[in-house]
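Q: Provided below are the primary sequence and the corresponding predicted coordinates.
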Amino acid sequence: MGGVLLAIIVVLIVLAPWIAPFDPMEIDPIMRLRPPSTENLFGTDALGRDILSRVLWGGRVSLFVGFTVAVAATGIGLSIGLLAGYLRRGDEVIMRVMDGLMAVPGILLAIVLMTLTRGSITAVVIAITVPEVPRVVRLARSLVLSVRNQTYVEAAVAMGTSEPRILVRHILPNVAAPLIVQATFVMASAIMIEAYLGFLGIGTPPEIPSWGNMMAEARSTISIGLWAMLFPGIMLALTVLAINLCGDRLRDILDPRLARRI
């Protein structure tokens, strides 16, 4: 269910340049705050822009941010987790730094980082990635610590196998599955935080349509144009729900113990 829903959303968003009925940036004061109709399926906003077109184009920003943050946070977190968990180099220092970062709420840390930079998609990705890395580091480190004590790893060490070879052939394959599942939850969290930042006006620039920006702009007209906030919110909720469902399904498939029980 989650995979099908996510696939439909991704296809619609990727094909936005070809299926969006109007230019998402085109302003038409005569058409402002028109309710949903056959011409404008999701209605128009306070500037007369087609909401359906803006929802589709805004989804491209959200998916790009979510996917990029998931890849970056997982890659960085895995590298640091391997360093701390297997090589044991600077383990105490690394984990205390991670604990310090996790002590600050992720959204608050992202807000602080955004206020120190100029609003752009790159800045948003960096601001969201930093709070997500410690969670991945802790998971990767715990997985590596459990795997490094396995008999086959000790046998490889006794045979004189090099550390890079042990990491690639014995450690990474056994920690990859949980990290893939974690990456899906990081992606969902990143999409939500990007919407929060956009809603607060410190995310992507206003000229770039995003679900958070759209809901922020609709606040002033919500009493007479509820649809301007409703449809971006529905798309955001459906996307995050679909990603979380996919993550749960991946966990069931990739975890052998759960798979046997099922």
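A: Received it, and whenever you're ready, just let me know what you need. In this text, all values refer to a predicted model and were calculated from it rather than measured experimentally.

Q: chain center to stretch 233-252, what's the gap?
A: Distance of stretch 233-252 from the chain centroid (CA atoms, centre = their mean, to the nearest Å) equals 11 Å.

Q: thought residue 62 was touching residue 197?
A: No. In this structure residue 62 lies outside contact range of residue 197 using CB atoms under 8 Å: 11.2 Å. The C-beta positions use only the backbone N, C-alpha and C, and glycine is treated the same way.

Q: would you agree residue 12 is in contact with residue 56?
A: Yes. Counting by CB under 8 Å, residue 56 is a contact partner of residue 12 at 6.2 Å.

Q: who's more crowded, those two?
A: residue 56 (24 against 15; other CB atoms under 10 Å).

Q: any idea which element the more buried one lies in?
A: Element membership for residue 56, per DSSP states H and E: helix 51-82.

Q: helices or strands next to that helix in the packing?
A: On a contact count with 3 or more CB pairs under 8 Å, 6 or more residues apart in numbering; DSSP states H and E, helix 51-82 meets helix 2-14, helix 16-19, helix 121-148, helix 172-200, helix 211-217, helix 227-254.

Q: okay, now the unreliable bits of this protein?
A: In the predicted model of the chain, residues 1, 255-262 satisfy pLDDT under 70.

Q: just give me the residue right at the centre of it.
A: residue 187 (2.3 Å; CA atoms, centre = their mean).

Q: how far away is that one from residue 160?
A: 40 Å (CB to CB, to the nearest Å).

Q: same check on residue 105?
A: 47 Å.

Q: compare these two (neighbour count), which wins?
A: Comparing residue 105 with residue 160 by other CB under 10 Å, the one with more neighbours is residue 105, at 10 against 6.

Q: how near is the more buried one to residue 196?
A: Distance, residue 105 to residue 196, by CB to CB: 11 Å.
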